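Asker: Dropping a prediction and its sequence here:
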Amino acid sequence: MWSKRRARTLQSVSHVMASALSEEAALEFAIAGLWRRWEELAGPELGKLLVPLGHQGRVLRVGAQHPAVLQEASFLGPALLDRANTLLGQTYFQEVRFELPGSRTALNQNFLPPPPPKSPMPRPVPIGGLQLPEDSPVGRAYRTYVARLRAAGSENDNS
């Protein structure tokens, strides 16, 4: 049947996606990774003042809320280009364009809502009242469950 043996090595999702996607899609995926690493690209101080707005072709678009910040940042354009291209692993961007973001959203934000807080699992009351055979797997599992619940309850009572 199958003469080839499957390789049983784990690979990262980014590696599998890069091999499955076209070259252009893999590049867009890598560019999207730049937005998550924006403070690494721009530096800790500039990362708070400048925001990534995206790219248009080979032009990196960067925004700031104040025109004075844009003016000062324009002198750092070549350094931002070098860092962006280094993080991409290739010379892709050729120009940086600084703009006022207006109503556009910065791409380095987390768009997912925070996970809901974990609520404590309700404890069944009363606990430990079932009579199960001592030598059955279900009985042993139930006794272990009851012991853990009681231990967790005593830890919570001491807190």
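Answerer: Ah, there it is.
Asker: Now for the residue nearest the centre of the chain: which residues touch it?
Answerer: By C-alpha atoms, centre = their mean, the chain has its centre lying nearest to Arg36, at 7.7 Å. Residues in contact with Arg36 (C-beta atoms under 8 Å, 6 or more residues apart in numbering) are Asn108. Heads up, the C-betas are built off the backbone N, CA and C, glycines and all.
Asker: I'd like the distance between it and Pro78.
Answerer: Separation of Arg36 from Pro78 (C-beta to C-beta, to the nearest Å): 23 Å.
Asker: Over to Gly63: give its phi and psi.
Answerer: Dihedral pair for Gly63: phi -120, psi 160, per degrees, to the nearest 10.
Asker: shouldn't Val62 be in contact with Leu49?
Answerer: No. At 10.1 Å, Val62 does not count as touching Leu49 under the criterion of C-beta atoms under 8 Å.
Asker: any common contacting residues for the two?
Answerer: Taking C-beta under 8 Å, 6+ apart as the criterion, Val62 and Leu49 both touch Ala73.
Asker: Show me where this protein has its strands.
Answerer: Using DSSP state E, the strands found in the chain span residues 50-56, 59-64, 95-99.
Asker: Pick out whichever of Val62 and Leu49 has more residues nearby.
Answerer: Taking neighbours as other C-beta atoms under 10 Å, Val62 and Leu49 compare with Val62 leading, 27 against 16.
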